[in-house]
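Q: No sequence on hand, only this structure:
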DNA sequence: ATAGGGTTAG
């Protein structure tokens, strides 16, 4: 550097140019201090840090100039060789400012020397400034990529990896890659695109992903890949922002992008969004292509009528259905359990095939088998297998699994085993799912022992298969066996000699979580066996899932150990598995069956509260209730209030279907049965269906009854809050709820019921008597009941509340006693 | 640079 300073000292210096070089540092200022003369002129104008040196060629003789140039060449070469590029750039800048051309400057430098300098930087570990240096060299006009040898490229990769390793700023790494790409590097060699995309998706930064994609010529393809990746992470919002960028391509809708985002909607479970995207496309007056239609139908396959609507629209705009369309149609039939419709479509497609329009594939046959399997039409499922063999389509593992499942669903273990053997003979590799299907078939047929024997044998010996030499899929098998043999020790393949008609292959059997789940089901009520299997499963490195825990809870509860079952629910939490709806429902069912049904009598308030507590946990965990068992529980428990239940049971059972899908009932019952609410004697039945309102009222009465100690007095009337507008068409409100409740209270329970209405918005207490106490309600026939509640005044008053008087409540409690309702109800428990 | 199928839990 001393040399450089010497040279600089002999030069005249001008003021900085308008453009500024790289950011200054103390280090640099100190080293590049200009001459005293320069200093003065600098000080007199501005204390700028960005000083620039200019060579004054005019004042030197030609000779001196040449000499200086030589010296200068040496200097720059030395700087470059040492990797001191900042100094080099400064000199280059002054060279240019003083009238030299960048190309002249570059000509002074030997590429190999610059390259060596870069290696030096890397060797010194100065990777941080590598990118900056590259930018500078590029600015000078160097073909930067050529300066990089293998080692240097490796160093760049390290720079990228280090930046990637930070993982805190995705935009940063993308900026780096943008720079490198701009310098002419192929950044794919530094970091795999999938890795960048994965990071962007993980960080939920679609903006960075979009910028990254724009580095490459095939932006649109990459953007679609990114959309799918966001979709897999169920991040529809990010996927949609990528979609916004990619949906227009050269002025017309990018069908590939549209198709992709529709698929993503499917992945994210937002099929309604897929519909609005489709509408948006239609608004552009462009006809979607077959891919868009197929994706849309596929995403909406669970809504058969919508799927069909799209199918028809597709025909209307003249887009011809292809095999995939038909396969999706069949899948939709399968989901809608419309086996016969599927058979019709199947015939149509077969007809098309006979005309040569298309060729059914393994998906078509497989879906057909599944539809029929679900419909328990196992014979026809097996017929489909024959069709496909005749058509020359080779069944794959999925096909065989479906066939085995068809038998499993029909409880045909023997048939399932036969199919399994057939599969092995055909040389089809049995995978775990397929083995699971067979085990399931045994379990469905109650052949538990057989399931365990199969499992044991597979685990110990693997799955042996003896492939017949003359089998017509022979070629495939040979290919398979040999290719597998090379890189896997799981299969032993002895090539046959021509005398032997078959050769043995052995597959290893890898049980999965599902395998253990199925086997646990086979434990019946043997909790310890099930628990042992769960432990074994963990030993195998498999982790129990929701289903595993649900089964364990079920078995434990089924063996009569409710507390154990609830303990398992807690262990599950502790093990870090979030219970899902089914787990909770299992726990509720266990509690319900064990506490209430198994004893063939109704449970106590406390027991019901236990069930409800689980229910409320489930709600807190954010699950939508799926609560068949809980409804059943409350219903039966509540009906226990009624003394003469024999006749009512039948009616209630038939009314079960009318229970609404919403959980309002359960919410309300749970709310009322909480201890804190025990004293507030009002029941809000707004929004409930007739049958739900009945359950609700009975539940509260039951609670009151159980809480009542003989001798206590009833302090308050019981209020029942009714729908504000009885005639208003609230979606769930049914007419006649009020009458039904009133008759229940009066005639079935013998309570005194008053109507409390409002006149001109004013509530008034006291109300009017709509009935009298009927101490002997059994003698009354239903048809004798007053169907309308009338006000004593001429003008009917809109009903808002019913009041059960405390006097009649007291009478009812005294008469019945807290325990009667439990002993008298031994009803329809067996079913 | 494109879709479509199989097992287990209430």
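A: That came in fine, so what should we check first? The structure presented is a predicted model; accordingly, all values stated were derived computationally and were not measured.

Q: can you pull the pLDDT of the residue nearest the centre of chain A?
A: What sits nearest the mean C-alpha location of chain A, by CA atoms, centre = their mean, is residue A:234, with 5.7 Å. pLDDT recorded at residue A:234 is 91.

Q: For it, give me its contacts.
A: Counting by CB atoms under 8 Å, 6 or more residues apart in numbering, residue A:234 makes contact with A:267, A:268, A:269. All C-beta spots, glycine's among them, are computed from the backbone N, C-alpha and C.

Q: Of those, which is the most crowded?
A: Within the contacts of residue A:234, most neighbours by other CB atoms under 10 Å means residue A:268, with 21 neighbours.

Q: mind checking how far it is from residue A:418?
A: Relative to residue A:418, residue A:268 is positioned 42 Å away (CB to CB, to the nearest Å).

Q: and the next element down the chain from the helix ranked longest in chain A?
A: In chain A, taking DSSP state H as the definition, the longest helix is helix A:62-81. Following helix A:62-81 in sequence order, the next helix or strand is helix A:85-97 (DSSP states H and E).

Q: Could you tell me the angle between that next one and helix A:62-81?
A: With axes from the mean of the first three to the mean of the last three CA atoms, to 10 degrees applied, the angle from helix A:85-97 to helix A:62-81 works out at 150 degrees.

Q: quick revisit: who does the longest helix of chain A touch, helix- and strand-wise?
A: With contacts defined as 3 or more CB pairs under 8 Å, 6 or more residues apart in numbering; DSSP states H and E, the packing partners of helix A:62-81 are helix A:2-9, helix A:85-97, helix A:102-108, helix A:111-123.

Q: and it, which residues are buried?
A: Buried residues in helix A:62-81, counting neighbours by 16 or more other CB atoms under 10 Å, are found at A:68, A:69, A:72, A:75, A:76, A:77, A:78, A:79, A:80, A:81.

Q: which one of those is nearest DNA strand B?
A: Nearest to DNA strand B among those: residue A:80, at 41.2 Å, using CB to the nearest atom of the strand.

Q: ok, the closest residue to that closest one other than its chain neighbours - contacts?
A: Spatial nearest neighbour of residue A:80, chain neighbours left out: residue A:117 (4.4 Å); criterion: CB to CB, 6 or more residues apart in numbering. With contact taken as CB under 8 Å, 6+ apart, residue A:117 is in contact with A:79, A:80, A:81, A:82, A:83, A:84, A:85.

Q: Widest-spaced pair of those residues?
A: A:81 and A:85 (10.8 Å; CB to CB).

Q: Save the contacts of residue A:234 as CSV, and put in distance to DNA strand B and pLDDT too.
A: What follows is these, written out as CSV (distance: CB to the nearest atom of the strand, whole Å; pLDDT from 0 to 100):
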residue, distance to DNA strand B, pLDDT
A:267, 9, 93
A:268, 13, 93
A:269, 13, 91
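
Q: Show me which of these is closest to residue A:744.
A: Nearest to residue A:744 among these: residue A:269, at 41.5 Å, using CB to CB.

Q: mind checking the backbone torsions on the nearest residue to residue A:813 once chain neighbours are set aside?
A: Once flanking residues are discounted, residue A:813 sits nearest to residue A:708: 4.7 Å by CB to CB, 6+ apart. The phi/psi pair for residue A:708 (degrees, to the nearest 10) reads phi -80, psi 130.

Q: Tell me how far residue A:259 lies from residue A:239.
A: From residue A:259 across to residue A:239, the span is 13 Å (CB to CB).

Q: again, but for residue A:756
A: According to CB to CB, residue A:756 and residue A:239 sit 55 Å apart.

Q: And residue A:311, by the same measure?
A: 26 Å.

Q: Residue A:704 now?
A: 54 Å.

Q: Show me which of these two is the more surrounded one.
A: Each of residue A:704 and residue A:239 has its neighbours counted (other CB under 10 Å); residue A:239 has more, 27 against 20.

Q: To what extent is residue A:82 buried, counted in neighbours?
A: 16.

Q: Tell me who's in contact with the residue lying closest to residue A:447 once chain neighbours are set aside.
A: Leaving aside its chain neighbours, residue A:447 sits nearest to residue A:413 (5.0 Å; criterion: CB to CB, 6+ apart). Listed by CB under 8 Å, 6+ apart, the contact set of residue A:413 reads A:407, A:441, A:442, A:444, A:445, A:447, A:450.

Q: most neighbours, which of these?
A: Most neighbours among the contacts of residue A:413, by other CB under 10 Å: residue A:441, with 29 neighbours.
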